[in-house]
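Novice: Show me how the following folds:
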Amino acid sequence: MTSEARDASEDQGQPLKLFTFTRATKTWRYTDADRLIFYGGNAYAPAPITHTQINDGGEQNKVSITLTLPKSLTVCGNWRPYPPADPINVTIYTQHFGEADFLVDWIGRVISPKFGDTTLSLTSEPSSTMARRAGGGRTWQRGCDLLLYSQGPGLCNVDPALHKISGTLTAAASLALTADIFGTLPNGRLAGGYIDWTREDGLLDRRSIDSHSCTTVMVDFGGPELAPGRAFDAYYRPGT
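Specialist: Here you go, the predicted model:
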């Protein structure tokens with residue numbers, strides 16, 4: 001038989017699950033089997049991960065699922081102590097014991113985490129819901145009313161490279177970040193922009209800038225790597 005045939009049967013199923021979490025260039029792979037599983041040249045580590053039933057439905061709130069995993073897993077660090085700057089996608093595969101083929105059961109993205117005493121619950125919705133979701137009405141205004149640096153037909157298409165400054169933090173206290181380079185722009189110019197930097201694990205992290213005065217900006221939330229000596233790029237709103 002095949003995994004597909006056994007999945008459709010009433011009493012022949014012996015499923016095991018593979019879970020792939022992806023954030024930018026980083027991937028974490030787990031299986032609910034009691035041993036290491038190899039698929040596609042990659043190793044999936046055993047972990048007691050479960051998920052709610054996967055159902056097709058016409059409404060977004062009926063097709064979302066919840067995954068529950070031990071909060072000691074490495075992937076859980078993406079939501080501790082701050083939410084990730086990048087979307088994290090999750091793919092679930094099913095293989096039935098003794099078969100060679102895998103079925104793709106779920107492709108989605110994590111939209112909310114909830115920590116318990118020993119577990120982390122992740123709500124995931126299908127990737128397709130973003131395409132179905134209706135946007136708000138367009139606004140008549142001088143500036144672009146879409147995401148500033150969004151690229152593509154009908155988007156703002158502002159080139160971020162033309163509105164970037166680079167520097168090193170000289171001070172960091174809670175949400176206040178200080179760097180000499182901030183003082184080269186008029187007060188307020190960085191408000192509405194963002195700052196990003198490369199983390200020790202190679203991922204790019206990002207914070208929105210809420211306000212800007214002289215050599216100091218206030219960001220929306222902090223981060224353990226935002227400390228004096230941190231090299232960064234900051235992106236500001238185009239001038240009028």
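
Novice: Around the nearest residue to residue 124 once chain neighbours are set aside, count how many other residues there are.
Specialist: Counting by C-beta to C-beta, 6 or more residues apart in numbering, residue 124 lies nearest to residue 108, which is 4.1 Å off, once chain neighbours are set aside. C-beta coordinates here come from the backbone N, C-alpha and C atoms, glycine included. Applying the criterion other C-beta atoms under 10 Å, we find 22 residues in the vicinity of residue 108.

Novice: Partner strands of the helix or strand in which residue 108 is found and their direction?
Specialist: Following DSSP states H and E, the helix or strand that holds residue 108 is strand 103-115. Using DSSP bridges, the strands paired with strand 103-115 in its sheet are strand 89-96 (antiparallel), strand 119-126 (antiparallel).

Novice: closest to residue 162 out of these?
Specialist: Closest of these to residue 162 is strand 89-96, at 30.3 Å (criterion: C-beta to C-beta).

Novice: Output the lowest mean pLDDT helix or strand found in this structure.
Specialist: helix 3-8 (a mean of 48; mean pLDDT, DSSP states H and E).

Novice: what's the following helix or strand after it?
Specialist: Following helix 3-8 toward the C-terminus (DSSP H and E): strand 15-23.

Novice: And that next one, what does it pack against?
Specialist: On a contact count with 3 or more C-beta pairs under 8 Å, 6 or more residues apart in numbering; DSSP states H and E, strand 15-23 meets strand 26-31, strand 37-39, strand 89-96.

Novice: Give me whichever of the ones you listed is most buried.
Specialist: strand 89-96 (a mean of 20; mean count of other C-beta atoms under 10 Å).

Novice: Nearest the geometric middle of this structure, what residue?
Specialist: The centroid of the chain falls nearest to residue 87 when counting by C-alpha atoms, centre = their mean (2.0 Å).

Novice: that's a strand at it, yeah?
Specialist: No. Under the criterion used here (DSSP: H, G, I helix; E, B strand; the rest coil), residue 87 is coil, not part of a strand.

Novice: Report the separation between it and residue 75.
Specialist: To residue 75, residue 87 is 14 Å away according to C-beta to C-beta, to the nearest Å.

Novice: Helices of the protein, start to end?
Specialist: Under the criterion DSSP state H, the chain contains helices at 3-8, 60-63, 128-132.

Novice: which regions of the chain sit below the pLDDT cut-off?
Specialist: 1-14, 56-62, 98-99, 128-147, 239-240 (pLDDT under 70).

Novice: what comes up buried for stretch 222-235?
Specialist: Within stretch 222-235, the residues that count as buried by 16 or more other C-beta atoms under 10 Å are 222, 223, 226, 230, 232, 233, 234, 235.

Novice: Which residue is the nearest non-sequential neighbour of the first one?
Specialist: Once flanking residues are discounted, residue 222 sits nearest to residue 175: 5.8 Å by C-beta to C-beta, 6+ apart.

Novice: ok, now which ones touch that neighbour?
Specialist: By C-beta atoms under 8 Å, 6 or more residues apart in numbering, the contact list for residue 175 reads 210, 218, 219, 220, 221, 222.

Novice: Done for today, thanks.
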